[in-house]
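Enquirer: The following block contains a protein sequence and its predicted model.
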Amino acid sequence: MNKNLRQAIIAGNWKMNKTRPEAKALVEELIPLVKDADCGVVVCVPFTNLETVLNAVKGTNIKVGAQNCHFEKSGAFTGEISADMLVEMGVEYVVLGHSERRQYFGETDETVNKRTVAALAAGLKPIVCVGELLWERETNITEEVIARQIKLDFYGVSADDLKKCVIAYEPVWAIGTGKTATADQAQEVCAFIRATLAKLYGQAVADAVTIQYGGSMNAKNAAELLSKPDVDGGLIGGASLKAPDFSEIVKAAK
Ligand code: 13P
């Protein structure tokens, strides 16, 4: 297992936080703190902040992502945003299938798959989130749940396109709860994700895919999680809203 085969990426998922002035202030504070990062640095911000943040990060090493996109190219889908709209703005990444969207907005593996295919076709790099619920872990079906999500969410995605994707393993019970998976638990599932990809696409392709851990990752626990061979980065919620905390996590990713 060679971590040099893939890029480490630390991504912030701001969720539904920050007005435009707040977003500008946060990203301006972050720029000097992460300028020497050894890993990819991405901030996934609310749609309303995309333009502000894209302007603020011009010429820096920070990349910008959205938190969802629709699977149709255009049309009568009130309230939705297409992948092409994001690409035209200069957005590079998009979070898809986050557990909050699955839980609160009826997102299914089928719609995550459609969004993933549409995002790739438009030229975006999807950060596809998978993860088990607490009772799924407790009933020992974590691997079944994850395998199903991986197989369905990436259905029809070619090997070349898969290499443009990031997978975020986010155990639902660890999100926003302060309950982090242990580094061993995170490693176990990230390795299982890679093994599942290897079965579907071959080992070389699986080895090239960045797999992040997400769920209460913070400045204190990041180094241990990121030291694991199959944990290639993090998708950070709460701790991405404070520039010093987020930059500490970035520093932990070597
Ligand atoms: P927290 O870091 O707040 O637990 O959120 C994780 C997450 O959902 C990132 O997408």
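Expert: It's in. Numbering: from 1, shown residues only.
Enquirer: all helices of the stretch 1-150 of the chain, in order?
Expert: 20-34, 50-57, 83-89, 99-104, 109-122, 134-138, 142-153 (DSSP state H, counting those that start in this stretch).
Enquirer: and residue 126, what is it in contact with?
Expert: 93-96, 115-116, 119-120, 164-166 (CB atoms under 8 Å, 6 or more residues apart in numbering). To be clear about C-beta, it is placed using only N, CA and C from the backbone, and glycine gets the same treatment.
Enquirer: Give me the nearest residue to whichever residue of the stretch 151-254 of the chain sits closest to the ligand, chain neighbours excluded.
Expert: With CB to the nearest ligand atom, the shortest gap between the stretch 151-254 of the chain and the ligand falls at residue 237, namely 2.2 Å. What sits nearest to residue 237 in space, not counting adjacent residues and going by CB to CB, 6 or more residues apart in numbering, is residue 13, at 5.3 Å.
Enquirer: what sits opposite the one you found in the beta ladder?
Expert: Residue 13 forms beta bridges with residue 44, as assigned by DSSP bridges.
Enquirer: Does it touch residue 235 like I think?
Expert: Yes: Residue 13 lies in contact with residue 235 (CB atoms under 8 Å); the separation is 5.6 Å.
Enquirer: shared neighbours, those two?
Expert: Residues touching both residue 13 and residue 235 by CB under 8 Å, 6+ apart: 95, 214.
Enquirer: State the distance from the spatially most central residue of the chain to residue 167.
Expert: Computing the C-alpha centroid of the chain and ranking residues by CA atoms, centre = their mean puts residue 127 first, at 3.9 Å. Separation of residue 127 from residue 167 (CB to CB, to the nearest Å): 8 Å.
Enquirer: Need the residues touching each of those two.
Expert: With CB under 8 Å, 6+ apart, residue 127 and residue 167 have common neighbours residue 212.
Enquirer: Would you mind naming what in the stretch 51-200 of the chain lies close to the ligand?
Expert: By the rule CB under 6 Å from any ligand atom, the part of the stretch 51-200 of the chain lying against the ligand is 98, 170, 175-176.
Enquirer: What subset of the residues you listed is buried?
Expert: 98, 170, 175 (16 or more other CB atoms under 10 Å).
Enquirer: would TSV of these with distance to residue 134 be doable?
Expert: Putting these into TSV (distance: CB to CB, whole Å) gives the following:
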residue	distance to residue 134
98	17
170	13
175	11
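Enquirer: From those, which shows the smallest pLDDT?
Expert: The member of these with the lowest pLDDT is residue 175, at 90.
Enquirer: so that one makes contact with residue 99?
Expert: Yes: with contact defined as CB under 8 Å, residue 175 counts as touching residue 99 (6.2 Å).
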